[in-house]
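A.B. asks: Requesting a structural model of the entry that follows:
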Amino acid sequence: MTEAIEKNMLMNRLVEAVWEHDDNVMSVAMDTVFSTGLPSDEVRHALIWGLEQVRHKLMSNDTSIPEFLLCMDMVTKALDSLSSLKGDSDSNGVDIPLVIGVVEGDPHDLGKNIIAGIYRTSGYQVFDLGREVPKEIFVKAVQENHARVLALSAMMSTTMVGMRDIIQEVKVKSPHTIVIVGGAPLNEVLARSYGADGYAESAVIVLEETETAIKRDHGNYHTRV
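C.D. replies: Numbers count the residues shown, from 1 in each chain. Below is the predicted model of the structure:
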């Protein structure tokens, strides 16, 4: 069996473990990941791709919310395990401080937890504030941790409007910080109108969107600091 075929089989097992939320299959697959030294970005992509397929099934009523939550929990655990890998050459966010949290009034943090796990496995130094976070706490955390990135989440239309005030305050007190937003009620137009530097429609593109925003702001960052 060729190396490429073995790698493809391992990726399929990771996706299967997510779909079936099977701890045993995931444990064996992750043990193989660690023993073979497979790049964490490829593992992360397989996990998130598997979860996105479940999310699409949920949106089309082909699966239930409890099933989806079990799959999310499986991915969170795998990402936490993956973050234990040190010295990963594919970690684009090495040593970049990042603050993440769900805005005040919003108790939904499952999506945020997945995103935080993705950032950790990519090497970001993640400061997770949790859910229902007041504006003042976001601003303080960004300042105290010299955050290069602030990731804001909102899953309710009634709470997403609070992002605007948070972003404005952060931009005044920490102009070197870029802001990435995400959540079900948001879209690109709203995100930009709030003053965000990037919008992640799903977990699949959050790293790409963050890295693009950082690169876009690179020259301005060095000028400011």
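
A.B. asks: Residues contacting the longest helix seen in the chain, please?
C.D. replies: In the chain, assigned by DSSP state H, the helix with the most residues is helix 40-59. Residues from elsewhere that reach helix 40-59, judged by Cβ atoms under 8 Å, 6 or more residues apart in numbering: 11, 14-19, 33, 63-65, 67-68, 71-72, 75, 78-79, 82, 85, 88, 90-91, 114, 118, 121-122, 202-204. No exception for glycine: its C-beta is placed from N, CA and C like everyone else's.

A.B. asks: Mind giving me the PyMOL select for the residues you listed, buried ones only?
C.D. replies: Entered in PyMOL, the line below selects the buried ones among the contacts of helix 40-59, by 16 or more other Cβ atoms under 10 Å:
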select buried, resi 11+14+15+17+18+19+33+63+67+68+71+72+75+78+79+82+85+88+91+114+118+121+122+202+203+204
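
A.B. asks: Okay, buried residues for stretch 134-147 please.
C.D. replies: Lys135, Ile137, Phe138, Val139, Ala141, Val142, Asn145, Ala147.

A.B. asks: In JSON lines: those residues, plus secondary structure, distance to Met156 and pLDDT.
C.D. replies: Formatted as JSON lines, these follow (DSSP: H, G, I helix; E, B strand; the rest coil; distance: Cβ to Cβ, whole Å; pLDDT from 0 to 100):
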{"residue": "Lys135", "secondary structure": "helix", "distance to Met156": "16", "pLDDT": "97"}
{"residue": "Ile137", "secondary structure": "helix", "distance to Met156": "19", "pLDDT": "98"}
{"residue": "Phe138", "secondary structure": "helix", "distance to Met156": "17", "pLDDT": "98"}
{"residue": "Val139", "secondary structure": "helix", "distance to Met156": "21", "pLDDT": "98"}
{"residue": "Ala141", "secondary structure": "helix", "distance to Met156": "22", "pLDDT": "98"}
{"residue": "Val142", "secondary structure": "helix", "distance to Met156": "23", "pLDDT": "98"}
{"residue": "Asn145", "secondary structure": "coil", "distance to Met156": "26", "pLDDT": "96"}
{"residue": "Ala147", "secondary structure": "coil", "distance to Met156": "24", "pLDDT": "97"}
